[in-house]
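Student: Sharing a model prediction with you, sequence too.
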Amino acid sequence: MADIKELIDRLYETASLTPDELKAVLSTDEYDEYLHEKAREVAVRTFGKDIYLRGIIEFSNYCKNDCYYCGIRAGNTHCERYRMTVDDIIRCADSGYETGFRTFVLQSGEDLTYKTEDICRMVRTIKENHPDCAVTLSIGEKSREEYQAYFDAGCDRYLLRHETYNSEHYKMLHPNKMSWLNRIRCLHDLKDIGYQTGCGIMVGTPGQTLDHIVEDLVFMKEFDPHMIGIGPFLPAANTPFADCPRGDTELTLRLLSVIRLMLPKVLLPATTALGSAEANGREKGVLAGANVIMPNLSPVENRGKYQLYDGKICISDDAALCSRCITARLASIGYRAVTGRGDHPDYC
Ligand code: SAM
């Protein structure tokens, strides 16, 4: 096989490698600096030095699911639950708009209290109040009809990490009643309906191997999503994986760079999990090719309760402070925080 630097060059030039070659690139930290430099170059060519800010509103931490890794899983009786009303969510977006945000990511556990009409009213009202904004939903697995209804109400994007493309690995992370096939079905429906669609994985979940990550990459290349969420797995107290080791941030950064080279135009966040795993993690993500950051717009009193993992950052600063903080952090590495809609280049 060619040496790693040659593989990185080929990935840079052709946006493609074989599974074995991808594995070889992911296996070593020796060329990280070079890999990140190449990924950065591709990101800057596509997006300039602009980093899109999305305001995330974590509107409910009730969840019917019991994912073994997640701090808000149904079975976590230590999790203090909250649920915002539709009107509170709309008000939260209004105040985010005042702060300057033009994309809102509405995320929650799978909380069946909100009916399709509620989600549609939420989306429709935010879009009516602020026609220059994009709305992203991230509320889990739904039927095609529900996805269609949200889309018809004006929703622009949907984030649903596939978590792993290996169905056996999926079973290690989720109870039997959760279905890998259904999650993948959801992603295909979303893209087919016309959403800017996001998939993604955690790095370092229990049982994950490099071969699994390579399977994820092959899937991503083929599926060609508009957004990809990648963050390290971080253990959460009172979950079955509470004592498992956290994911490797170096591998997470390497993966961000490989994805940027494979899918030059993809919207790629430097995630909150990356920022929580390591001081300046989000800045490192940007320097590895990420082009999106999602500051928290949730009311401060709820922030600490949306504890997907321990040690989550930004749980006490209000939206305006978060926005100023991230703007300054980006400026310190030569990048500019921008609050426009920030669509995928093929959607503009
Ligand atoms: N319920 C929606 C769904 O299923 O897509 C959205 C909320 S879910 C909590 C959002 C994402 O958080 C998951 O897709 C998962 O990748 C990530 N997550 C959950 N627990 C985590 C952990 N312990 N460490 C890092 N990320 C985690």
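Tutor: Yep, it's here. Numbers count the residues shown, from 1 in each chain.
Student: Run through the chain and note the low-pLDDT ranges.
Tutor: Counting by pLDDT under 70, the chain shows low-confidence ranges at 348.
Student: Show me which residues of it sit near the ligand.
Tutor: With CB under 6 Å from any ligand atom as the criterion, the chain comes near the ligand at residues 69-70, 107, 109-110, 138-140, 160-161, 163, 202, 231, 233-234, 236, 273, 308-309. For every residue, glycine as well, the C-beta is placed using N, CA and C.
Student: do that again at 8 Å, thanks
Tutor: Counting by CB under 8 Å from any ligand atom, the positions of the chain adjacent to the ligand are 63, 65, 67, 69-72, 107-110, 138-141, 159-161, 163, 200-202, 229, 231-236, 239, 241, 247, 273, 308-309.
Student: Out of those residues, list just those in strands.
Tutor: Taking DSSP state E as the definition of strands, the residues of the chain next to the ligand contribute Gln107, Ser108, Ser138, Leu159, Gly200, Ile201, Met202, Gly229, Gly231, Pro232.
Student: Among these, the buried ones, what's the PyMOL command?
Tutor: This is the PyMOL syntax for the buried subset of those, where burial follows 16 or more other CB atoms under 10 Å:
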select buried, resi 107+108+138+159+200+201+202+229+231+232
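Student: what's the farthest-apart pair in the ones in strands among the residues of the chain next to the ligand?
Tutor: Of all pairs drawn from those, the one with the longest distance (CB to CB) is Ser108 and Pro232, at 22.1 Å.
Student: which residues touch the residue nearest the centre of the chain?
Tutor: Most central in the chain under CA atoms, centre = their mean is Gly229, positioned 3.0 Å from the mean C-alpha point. Contacts for Gly229 (CB atoms under 8 Å, 6 or more residues apart in numbering) come out as Leu159, Arg161, Gly198, Cys199, Gly200, Pro269, Thr271.
Student: Now the second one: closest residue in space, sequence neighbours ignored.
Tutor: Distance criterion CB to CB, 6 or more residues apart in numbering; nearest residue to Arg161, sequence neighbours excluded, is Gly200 at 3.9 Å.
Student: Kindly report the same for the last one.
Tutor: If you skip the residues right next to it in sequence, Thr271 has Gly231 as its closest partner in space, 3.7 Å away by CB to CB, 6+ apart.
Student: Can you tell me which of the contacts of Gly229 is closest to Asp3?
Tutor: Checking these against Asp3 by CB to CB gives Gly200 as the nearest, at 29.7 Å.
Student: what's the neighbour count on the nearest residue to Leu297 once chain neighbours are set aside?
Tutor: Excluding its sequence neighbours, the residue lying closest to Leu297 (CB to CB, 6+ apart) is Gly55, at 3.9 Å. Residue neighbour count, defined by other CB atoms under 10 Å, stands at 27 for Gly55.
Student: now swap in Ala331 and tell me
Tutor: Look at Ala331: counted by other CB under 10 Å, it has 12 neighbours.
Student: so what's it closest to, chain neighbours aside?
Tutor: Distances taken as CB to CB, 6+ apart put Ala337 closest to Ala331, at 7.8 Å, once the chain neighbours are dropped.
Student: State whether that neighbour is indeed within a helix.
Tutor: No: according to DSSP: H, G, I helix; E, B strand; the rest coil, Ala337 belongs to no helix; its state is strand.
Student: So it sits against Ile326, correct?
Tutor: Yes: Ala337 lies in contact with Ile326 (CB atoms under 8 Å); the separation is 6.0 Å.
Student: tally of neighbours for Pro269?
Tutor: Neighbourhood size, Pro269 [other CB under 10 Å]: 29.
Student: Go ahead and confirm it touches Met294.
Tutor: Yes: Pro269 is within contact range of Met294, at 5.8 Å (criterion: CB under 8 Å).
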